[in-house]
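Asks: 3D model of this:
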Amino acid sequence: MIAVLLLSLLSPAAASAQGSLPKDNGKLVFVSFQNSNPATFDFNPEVYTMNADGSGQTRLTNSPGLDFWPAWSSDGTKIVFTSDRDGNGEVYTMNADGSAQTRITADAGGDLDPAFSPDGTKVIFVSDRDGHHQIYAMNADGSGQTNLTRTAANETEPAFSPDGKKIVFESDRDGDPSNENHEIYTMNADGSQQTRLTNTSTGNPTPWEQHPSFSPDGTKIVFDDNFHSPPAVPGFIYVMNADGSGRTRLTSRPDRHGLASFSPDGTKITFTASEDIYIMNPDGSNQTAITSDPFPDIQSNWQPIPRTAAPAPAAGAVGAGPPATAGDRPGAPLVDLSGRETQRVGPVIEVIAQTDEPTELDASGRIGVPRTSPAKLTPSAAQRKAKTYLLPGIRASAPARTEVTLRLQVSRKARTAIKARLKRGRRSTARITVVATDLAGNQRTVFRTVRLKR
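Replies: Residues are numbered from 1 along each chain as shown. Modelled structure (predicted):
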């Protein structure tokens, strides 16, 4: 009986809400049947949280209905979920500790599979109020509900991209009615430009490409291809590029599994297999079960924890620079610049950048070579008489918490002048400026000074 109910929760939609910029990994929210009573046929899924190793399991909901499809807000303070506690499947929100459970939809149709937008102002969800499962968007308080897909097919399992501009989802719109083929699609956040990403060949059994969600940097989509004819045939978890290319299988377990999503920092994937919660590395290695209850545990989703301090600078690093500059905006990305404190004069000057979230880096530099010894001039006069060599600007994309080496080109003329100055025993330094822009448009300007040597 539990298996039958579990299958009904796994389709037509499942919890997949990545939708936030990468941050630190917090708790996992998930659905568990551990409070069910098989003797009375009382199979009651509730929402729980736990630590990433499976410890500290805490029950958040306690209703006579079915509570499922939980997903975190991007700041980790709210959870959106579905419940039929009031007699019909509706969307609810609650605080991270389970308090303030609030119903935000009230429709005769079933509303399910909700996910927050990255900025927390919107919730997308699935509803069959118009006769088919369609994807809707609404404000976080439940107002302004709008049908985004508007088709005669079944559109389910929506999840935002980290920048909030795209939604990935599952649809059977292009399938043969005789085999119910489901594929992965994307669309803009307003429902426009609906594009098919997968194209699985038909067969028996027929695969369903389902449960898609983005990686924290928005470059990958993880999903599964469970087979539904018959449902006992196992499926596998895959990852592909955001445009549908580069499909790679991550799992090969001999049992049905799926419901995969990335951790906020992109270093892990959580998924369901054998009715337990697992985690693995993004390449599919190190698959580890973190629950082992006699009852099913499913639909896990990772809490993002915003950072409040910059990472510690590496040895010799300038670090995050000034707390703010005139161009900084609230919520600007945290940036650490490091690398060699002293570099030889060569065709390039290198610095290493690491950010706390996906960020575009615009780097430029300048080298000042005074024509006269600064000791003989006032600082302002020395600067006026200095010959400045600009390093051409470059742009680079920095995934979250990944080191990116920025190489700024030094012209032959500049190298000759610097070497001549160094030969006379005078110091020369390069000033590197990096403007970091996150996916929300927030900016921070950081600096690094590199001493040059022959």
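
Asks: For the rest of this, base every contact and every neighbour count on C-alpha atoms.
Replies: Will do.

Asks: doesn't Ala396 fall inside a strand?
Replies: Yes: counting by DSSP: H, G, I helix; E, B strand; the rest coil, Ala396 is found in a strand.

Asks: Now do the same contact list for the closest residue to it other than its chain neighbours.
Replies: Computed as CA to CA, 6 or more residues apart in numbering, the closest residue to Ala396 that is not its neighbour in sequence is Leu361, at 5.2 Å. Going by CA atoms under 8 Å, 6 or more residues apart in numbering, Leu361 touches 395-398, 434-437.

Asks: Helix, strand, or coil at the residue nearest the centre of the chain?
Replies: In the chain, the residue lying closest to the centroid (CA atoms, centre = their mean) is Pro216, at 2.1 Å. For Pro216, the assignment made with three-state DSSP gives coil.

Asks: Export only the CA atoms of stretch 113-127, formatted as CSV.
Replies: Below are the C-alpha coordinates for stretch 113-127, written out as CSV (Å, rounded to 0.1, in the frame of the first residue of the first chain):
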residue,chain,number,x,y,z
ASP,A,113,4.8,21.1,-6.9
PRO,A,114,5.7,24.7,-5.8
ALA,A,115,9.0,26.5,-6.0
PHE,A,116,10.2,30.0,-4.9
SER,A,117,11.8,32.4,-7.4
PRO,A,118,15.5,33.3,-6.6
ASP,A,119,14.4,36.7,-5.2
GLY,A,120,11.7,35.2,-3.1
THR,A,121,8.9,37.4,-4.6
LYS,A,122,7.3,34.7,-6.7
VAL,A,123,6.1,31.1,-6.4
ILE,A,124,5.7,28.8,-9.4
PHE,A,125,3.4,25.8,-9.1
VAL,A,126,1.4,23.2,-11.0
SER,A,127,-2.4,23.2,-11.1
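
Asks: related to what we said a few turns ago, which of the contacts of Leu361 lies closest to Thr77?
Replies: Closest to Thr77 out of the contacts of Leu361 is Thr437 (24.7 Å), distances taken as CA to CA.

Asks: isn't that closest one right next to Ala398, touching?
Replies: No: counting by CA atoms under 8 Å, Thr437 does not reach Ala398; the two are 10.0 Å apart.

Asks: Now the common contact residues for those two.
Replies: Shared contacts of Thr437 and Ala398, defined by CA under 8 Å, 6+ apart, are found at 359-361.

Asks: Can you add distance to Ile277 and secondary structure and give the residues you listed back as a markdown table?
Replies: A markdown table is the format used below for the shared contacts of Thr437 and Ala398 (distance: CA to CA, whole Å; DSSP: H, G, I helix; E, B strand; the rest coil):
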| residue | distance to Ile277 | secondary structure |
| --- | --- | --- |
| Thr359 | 31 | strand |
| Glu360 | 35 | strand |
| Leu361 | 37 | strand |
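
Asks: can you count the residues close to Thr49?
Replies: Neighbourhood size, Thr49 [other CA atoms under 10 Å]: 25.

Asks: Who's the closest spatial neighbour of it, skipping the chain neighbours?
Replies: Val29 (4.3 Å).

Asks: Ok, Ser252 next?
Replies: Distances taken as CA to CA, 6+ apart put Phe236 closest to Ser252, at 6.3 Å, once the chain neighbours are dropped.
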